[in-house]
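Chemist: Okay, sequence plus prediction incoming.
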Amino acid sequence: MKIIIVGTGYVGLVTGTCLAEIGTEVICVDVDQKKIDNLKKGILPIYEPGLEQLVENNYNKGRLSFSTDFEASVKGASVIFIAVGTPPGEDGSADLKYVLQVADTVGTYIEDYAIVVTKSTVPVGTAKKVKAAIAAALDKRGVDLPFDVASNPEFLKEGAAVDDFLKPDRIVVGVESERAKETLTKLYQPFVLNGHPIYFMDIPSAEMTKYAANAMLATKISFMNDIANLCELVGADVNEVRKGIGSDPRIGTRFIYPGIGYGGSCFPKDVKALFHTADDYKYNMRILKAVDEVNDDQKFVLFKKIEKHFNGDLKGKTFGMWGLSFKPNTDDMREAPSLILIDELLKAGATVLAYDPIAMEEAKHFADKRVIFVKDAIDAVKGAEALLLVTEWPEFRLPDWNKIKSVMHGRVIFDGRNIYQAKTIAAEGFTYYGIGSQPKT
Ligand code: NAD
């Protein structure tokens with residue numbers, strides 16, 4: 001089976017590589033010439049654990065190739081996956097410009113029956129638009145070709161994307177023809193052998209499933225952040241409360257960690273896109289609007305604590321920031337809470353020393369130019385008044401506190417991810433601030 005993946009970002013490159021890994025012929029197509037040239041040299045546009053090796057293996061075996069030429073690539077393809085970005089438009093709705101551009105290209109160049117599968121996260125009704133755009137392009141050519149559309153939303157997590165793709169919790173596929181179902185069943189067979197389920201459904205339900213999943217996950221985070229903020233006011237400790245509620249299997253222990261707000265390229269935009277869709281249907285999704293609002297506020301929580309601790313006087317003070325990406329094990333800086341914290345600190349006249357194990361190069365495109373990027377965690381706290389833990393990378397979990405004290409000026413730690421034990425930090429002579437608990441000295 002020959003597969004075309006259009007868009008070689010986090011989703012497209014992982015999908016293409018993992019499908020090549022099971023023995024299919026895959027061509028990853030992108031409009032970004034530099035990305036494609038680099039991929040041919042083994043330089044990946046993104047960081048994803050385990051991906052580089054898989055790309056290299058499959059590229060060397062000739063199963064995986066890269067191109068900017070859709071017309072030449074598409075010959076003989078059975079399945080074309082659309083994996084381009086769907087960024088938020090100005091009003092928060094999903095911008096389908098890239099998806100529909102690809103649909104037009106597909107209609108312009110296909111020569112045989114193919115299944116066009118949308119993997120990008122798209123609002124309900126997009127498959128119909130994709131179908132119409134392909135049909136319009138075929139019409140323009142005066143060609144009558146059968147084709148199918150399908151929806152196969154992607155649930156991979158950045159930082160664990162390869163594993164998630166190879167061992168999925170579930171695969172969701174929306175189809176409207178038996179022919180498409182048969183082909184996609186065959187394609188995904190190797191991934192479901194170990195009991196991972198594949199759910200076929202109608203296309204609108206598949207499109208909706210992706211948004212509902214991300215909206216639910218974002219809701220858990222904002223809910224816990226709300227609880228954490230109240231814990232601080234009433235004198236409770238959210239770390240205890242979390243354990244207390246998580247032991248109820250109806251609630252569960254996963255994804256109920258408070259922090260400094262969710263970021264990344266998915267939750268913020270998908271939550272907004274979903275309530276925007278609801279607005280189009282004159283339905284008010286009150287919970288999701290609150291989820292979004294709580295998250296916007298939560299990104300300022302650490303700064304407020306810092307400001308209060310230093311009595312509003314941050315001018316001329318230096319802060320050491322550990323972690324920049326929106327979560328560990330990725331270089332993705334889109335909507336990262338670190339960016340807001342950086343802006344607020346700089347606005348207040350502070351100096352920011354920042355270190356991230358992987359995302360520093362990417363961060364340079366996103367962060368204010370005044371941030372000073374340093375080579376390691378110790379350099380980030382040299383002369384700093386406070387250490388700010390922003391992303392819970394494994395290497396920050398058990399630092400050498402004596403070494404830190406020997407270079408740091410102040411003795412305060414603001415832990416935006418609650419990875420340290422307040423008691424341990426206080427015993428080391430620091431004042432500790434977490435999320436959802438009282439400061440400890
Ligand atoms: P990305 O921005 O990393 O990559 C998109 C790629 O598409 C870019 O390389 C871009 O050059 C390319 N592209 C744009 N227009 C094109 C065109 N006309 N032809 C060919 N290539 C084109 O995006 P991403 O993070 O991989 O996300 C892609 C989609 O998958 C989005 O809808 C996103 O919401 C969804 N998604 C993302 C994740 C994630 O964790 N990143 C997870 C699940 C779903």
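Modeler: Alright, I've got the coordinates. Keep in mind it's a predicted model, so treat the numbers as computed, not measured.
Chemist: Spell out which residues of the stretch 101-250 of the chain are next to the ligand.
Modeler: Gln101, Val102, Ser120, Thr121, Glu154, Leu156, Glu158 (Cβ under 6 Å from any ligand atom). Backbone N, C-alpha and C define where each C-beta goes, glycine included.
Chemist: Could you look up the SS state of the last one?
Modeler: Pointing back at Glu158 there. coil (DSSP: H, G, I helix; E, B strand; the rest coil).
Chemist: from what I can see it touches Glu48, true?
Modeler: Yes: here Glu158 lies in contact with Glu48, judged by Cβ atoms under 8 Å, at a distance of 7.0 Å.
Chemist: and for the two, which residues touch both?
Modeler: Tyr10, Thr330 (Cβ atoms under 8 Å, 6 or more residues apart in numbering).
Chemist: what are the ranges of the helices in the stretch 1-150 of the chain?
Modeler: In the stretch 1-150 of the chain, helices defined by DSSP state H, counting those that start in this stretch lie at 10-21, 33-40, 51-60, 70-73, 97-109, 126-141, listed in chain order.
Chemist: Please identify the deepest-packed of those.
Modeler: helix 10-21 (a mean of 26; mean count of other Cβ atoms under 10 Å).
Chemist: now for that one, which elements pack on it?
Modeler: strand 2-6, strand 25-29, helix 51-60, strand 64-67, strand 79-82, helix 161-166 (3 or more Cβ pairs under 8 Å, 6 or more residues apart in numbering; DSSP states H and E).
Chemist: ok, and does it reach over to the ligand?
Modeler: Yes: for helix 10-21, a contact with the ligand is found by Cβ under 6 Å from any ligand atom, at Tyr10, Val11, Gly12.
Chemist: ok, the second one - contacts?
Modeler: Val11 makes contacts with Ala83, Lys119, Ser120, Glu154, Leu156, as judged by Cβ under 8 Å, 6+ apart.
Chemist: can I get the helices of the stretch 1-150 of the chain in a markdown table with mean pLDDT and distance to Ser205?
Modeler: Shown next, in a markdown table, are the helices of the stretch 1-150 of the chain (pLDDT from 0 to 100; distance: least, Cβ to Cβ, whole Å):
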| stretch | mean pLDDT | distance to Ser205 |
| --- | --- | --- |
| helix 10-21 | 98 | 20 |
| helix 33-40 | 98 | 33 |
| helix 51-60 | 98 | 30 |
| helix 70-73 | 97 | 29 |
| helix 97-109 | 98 | 19 |
| helix 126-141 | 98 | 11 |
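Chemist: Need those helices in a markdown table (columns: distance to Gln189).
Modeler: Below are these laid out as a markdown table (distance: least, Cβ to Cβ, whole Å):
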| stretch | distance to Gln189 |
| --- | --- |
| helix 10-21 | 12 |
| helix 33-40 | 27 |
| helix 51-60 | 19 |
| helix 70-73 | 24 |
| helix 97-109 | 25 |
| helix 126-141 | 23 |
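Chemist: out of those helices, which comes closest to Leu184?
Modeler: With Cβ to Cβ as the measure, helix 10-21 is the member of these nearest Leu184 (11.6 Å).
Chemist: can you give me the angle the closest one makes with helix 33-40?
Modeler: 30 degrees (axes from the mean of the first three to the mean of the last three Cα atoms, to 10 degrees).
Chemist: any idea of the angle helix 10-21 forms with strand 2-6?
Modeler: 170 degrees.
Chemist: contacting residues for the one residue in the chain that gets nearest to the ligand?
Modeler: Nearest to the ligand in the chain, going by Cβ to the nearest ligand atom, is Gly9, at a distance of 1.9 Å. Residues in contact with Gly9 (Cβ under 8 Å, 6+ apart) are Pro45, Ile46, Ala83, Val84, Gly85.
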